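# A structural model of the following input is requested.
(one chain, ligands or ions: 1)
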Amino acid sequence: MSQTILHVSGVNKRFGGLQALSEVELEIRQGQIYALIGPNGAGKTTFFNVITGLYTPDSGTFMLGGQPYAPTAVHKVAEAGIARTFQNIRLFPDMTALENVMVGRHVRTKSGLVGAIFKTRAERAEEAAIRHRAHELLEFVGIARYAAFQARTLSYGDQRRLEIARALATDPKLLALDEPAAGMNATEKLQLRDLLQRIKSEGRTILIIEHDVKLIMGLSDRVTVLDYGKVIAAGAPAEVQKNPAVIAAYLGGAHA
Ligand SMILES: Nc1ncnc2c1ncn2[C@@H]1O[C@H](COP(=O)(O)OP(=O)(O)OP(=O)(O)O)[C@@H](O)[C@H]1O
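So this is what the prediction gives:
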């Protein structure tokens, strides 16, 4: 059986009187596309924010690639090997597409951003390698022709792809995508689906929050369903889809 990439358990998070996450457990194996779904307000984004160091959990055990990690700060989680995208796109809008990806890559380099300003010869070589890799990633996500364009001038779907390229630039153990298909039209969704399959075929591991259940069911290997902060089902998409608790949660719907 393949290696476990992410294993978290006993995750609790309370906001005042609201138990947003209650004893959440999840185990993702190498090479899986793992979906986290659930009605509005179920706690999906809170869970993402906890595992990526944006919110401090009240409790929980966190393992990445077999090693414990402390989700206490976003940069530490990035260094540990989780890269994420956001529901609301967070690019550097005035930087070019290429520069946005290069910034992602700097997480993995020795010289870092300060080194990028005061360059030695070795650092210049490293910079050239970063630029080359960033180009490859733009190519991979299908937007290389916009490399020199400011990020804000790209279409919505292309900005989402740019975010994914930037996340991949950190060479993550786990790529965590928060609603990557939000606001996409049908064609863009098909392209996204193809892109995620290509990322998977490179042996990468993906955790995805998505509202489009149809997209998720056709794409993911495993699904966990949250409702009111609790895991109500976990398993293969076909099983989860038939689970009465899941059907009730969606029909009862939407606490939105
Ligand atoms: N920073 C916060 N402070 C207080 N309450 C919060 C905070 N963040 C989330 N919540 C609450 O926690 C609950 C879970 O919200 P969360 O955004 O995680 O759900 P979600 O499943 O991602 O929903 P959606 O599908 O609508 O994005 C909601 O009731 C929300 O109002």
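# worst-scoring helix or strand of the protein, pLDDT-wise?
None of the helices or strands of the chain scores lower by mean pLDDT, DSSP states H and E than helix 112-117, at a mean of 58.
# What are the buried residues along the next helix or strand after it?
Next along the chain after helix 112-117, taking DSSP states H and E as the criterion, comes helix 121-141. Residues of helix 121-141 classed as buried by neighbour count (16 or more other CB atoms under 10 Å): Glu123, Glu126, Glu127, Ile130, Arg131, Arg133, Ala134, Leu137, Leu138, Phe140, Val141. Quick note: C-beta positions are derived from backbone N, CA and C, even for glycine.
# ok, of those, which one's closest to Ala186?
Ranked by distance to Ala186 (CB to CB), those are led by Val141 at 18.8 Å.
# what's the distance between the closest one and Asp158?
Going from Val141 to Asp158 by CB to CB, to the nearest Å gives 9 Å.
# how about Leu195, what does it touch?
Under the criterion of CB atoms under 8 Å, 6 or more residues apart in numbering, the neighbours of Leu195 are Val141, Gly142, Arg161, Ile164.
# Can you give me the distance of the last one to the ligand?
Going from Ile164 to the ligand by CB to the nearest ligand atom, to the nearest Å gives 19 Å.
# Do I have it right that that residue meets Asp178?
No - under the criterion of CB atoms under 8 Å, Ile164 makes no contact with Asp178, lying 11.4 Å away.
# how about the helices in the stretch 51-200 of the chain?
For the stretch 51-200 of the chain, the helices defined by DSSP state H, counting those that start in this stretch cover 74-80, 97-105, 112-117, 121-141, 156-168, 186-201.
# Of those helices, which shows the lowest average pLDDT?
Mean pLDDT is lowest for helix 112-117 out of those, coming in at a mean of 58.
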